[in-house]
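> compute the structure for the input listed below.
(one chain, ligands or ions: 2)
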Amino acid sequence: MNAKDFSLEGKVAWVTGASYGIGFGIATALAKMGAKIVFNDRDQAKIDKGLADYKAEGVEAWGEICDVTDEEQVKAYVEKVIAHYGNIDILVNNAGIIKRIPMVEMDVKDFRQVVDIDLVGPFICSKAVIPGMIKQGHGKIINICSMMSELGRETVSAYAAAKGGLKMLTRNICSEYGQYNIQCNGIGPGYIATPQTAPLRERQADGSRHPFDQFIVSKTPAGRWGTPEDLEGPAVFLASDASNFVNGHILYVDGGILAYIGKQPN
Ligand code: NAP
Ligand code: GCO
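Ligands and ions are numbered 1, 2, ... in the order given. This next block holds a predicted model:
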């Protein structure tokens, strides 16, 4: 093995929902290793801001509107990328939402929307890129799973169901397409400071830290929230030739929280 095994020179990477947050961090990391970046979002204003932010990071990215739950939009997006760049070597299924509602109070349309974006979206996007990966003889798919691929908690039933399903979709893509030199793995971030978790970190009226913020920090051996930067190295590894014999694996990047039962209360 040598450093070039981690190079992404000449590769085209599609990171879904990457105008900001974890997707933006991962896309920037892949670009630093030489990949050309394409991304999508549902909102032109966010794409425009994302393009400006990528440029500020020295990343030349291409972005267009595409809702990952709309198979026709995804097919058209992939056709445009392939027409423009010739192929898609790496797909990072990052786009995702969460709705924190007690299950029995959750409207079925809310449950369906979370599953549609977090699980059906990665199915649609993977289905769209795999034929091209088979044709070119290689491909990398990285599904952004979650601790909730393994654990539940109050109010996140739809999200946990979707992310648990995404773990098994990862393993099934590995099983069905590993023979074509396609590696499909997951990254399971712990608690990461992004807009998605901002409500869990909000300062209280008296200026104290959110109880959930304090809970997570106490449950994480690293003693802190993660940042999108913490996911960059793992993403480069799973996107590169250095991981060609890693398949169907969920790499948890969580500061150790999944391994830790927690400190005895005083
Ligand atoms: P975020 O800040 O809310 O960003 C989510 C991104 O997905 C946004 O760009 C959003 O675009 C996009 N998106 C949502 N629905 C979409 C759709 N239908 N089509 C296209 N794009 C769509 O979330 P994040 O914290 O970066 O999370 C990114 C991924 O990591 C998600 O899959 C999340 O479940 C997962 N994750 C997050 C954490 C964490 O602690 N933050 C931990 C584990 C896993 P819009 O602006 O248009 O909504
Ligand atoms: C929540 C959080 C988590 C994180 C992440 C943890 O409400 O519990 O949003 O779900 O987003 O998925 O891995």
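> okay, CA-based contacts and neighbour counts for the rest of this
Fine.
> following the longest strand seen in the chain, which helix or strand shows up next?
For the chain, the strand with the greatest residue count under DSSP state E is strand 182-189. Beyond strand 182-189 on the C-terminal side, the first helix or strand identified by DSSP states H and E is helix 211-219.
> may I see the buried residues of that next one?
Neighbour counts over helix 211-219 (16 or more other C-alpha atoms under 10 Å) mark Asp213, Ile216, Val217, Lys219 as buried.
> kindly report the same for stretch 199-213.
Applying a neighbour-count criterion of 16+ other C-alpha under 10 Å, the buried positions in stretch 199-213 are Leu200, Arg201, Asp213.
> next, format those residues as TSV and append distance to ligand 2 and pLDDT.
Listed next are the buried residues of stretch 199-213 as TSV, based on distance: C-alpha to the nearest ligand atom, whole Å; pLDDT from 0 to 100:
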residue	distance to ligand 2	pLDDT
Leu200	7	95
Arg201	11	95
Asp213	11	97
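> around ligand 1, pick out the residues from the stretch 1-150 of the chain.
Residues of the stretch 1-150 of the chain lying near ligand 1 by C-alpha under 6 Å from any ligand atom: 17-23, 41-43, 66-69, 94-97, 117, 144-146.
> restricted to helices, list these.
The helices in this structure, assigned by DSSP state H, contain Gly21, Ile22, Gly23 from these.
> which residues touch the second one?
The reference is to Ile22. Contacts were defined as C-alpha atoms under 8 Å, 6 or more residues apart in numbering; by that measure Ile22 touches Asn94, Thr194, Pro228, Leu231.
> count the residues that sit near the first one.
Here the count is done by other C-alpha atoms under 10 Å, and Asn94 has 25 residues near it.
> same deal with the last one?
Summarising burial for Leu231: neighbours were counted as other C-alpha under 10 Å, giving 23.
> wasn't it part of a strand?
No: counting by DSSP: H, G, I helix; E, B strand; the rest coil, Leu231 is located in no strand; its state is helix.
> report the contact partners of it.
Ile22, Gly25, Ile26, Pro189, Val253.
> state the mean pLDDT of stretch 96-105.
When the per-residue pLDDT values of stretch 96-105 are averaged, the result is 98.
> ok, back up a step: ok, the contacts of Ile22 vs Val78, which is closest?
Comparing the contacts of Ile22 against Val78 with C-alpha to C-alpha places Asn94 closest, at 15.9 Å.
> quick one, phi/psi of the closest one?
With angles defined as degrees, to the nearest 10, Asn94 sits at phi -100, psi -30.
> list phi and psi for Lys32.
Backbone geometry at Lys32, expressed as degrees, to the nearest 10, gives phi -60, psi -30.
> and the closest residue to it other than its chain neighbours, what does it touch?
Once flanking residues are discounted, Lys32 sits nearest to Val59: 7.8 Å by C-alpha to C-alpha, 6 or more residues apart in numbering. Going by C-alpha under 8 Å, 6+ apart, Val59 touches Thr28, Ala31, Lys32, Ile37.
> relative to strand 182-189, how tilted is the helix or strand harbouring the second one?
Pointing back at Ala31 there. Under the criterion of DSSP H and E, Ala31 resides in helix 21-32. Orientation note: helix 21-32 sits at an angle of 130 degrees relative to strand 182-189 (axes from the mean of the first three to the mean of the last three C-alpha atoms, to 10 degrees).
> buried residues in helix 21-32?
Taking 16+ other C-alpha under 10 Å as the basis for neighbour counts, the residues of helix 21-32 that come out buried are Gly21, Ile22, Gly23, Phe24, Gly25, Ile26, Ala27, Thr28, Ala29, Leu30, Ala31, Lys32.
> next one: stretch 54-71
Along stretch 54-71, these residues count as buried under the neighbour rule (16+ other C-alpha under 10 Å): 54, 59-69, 71.
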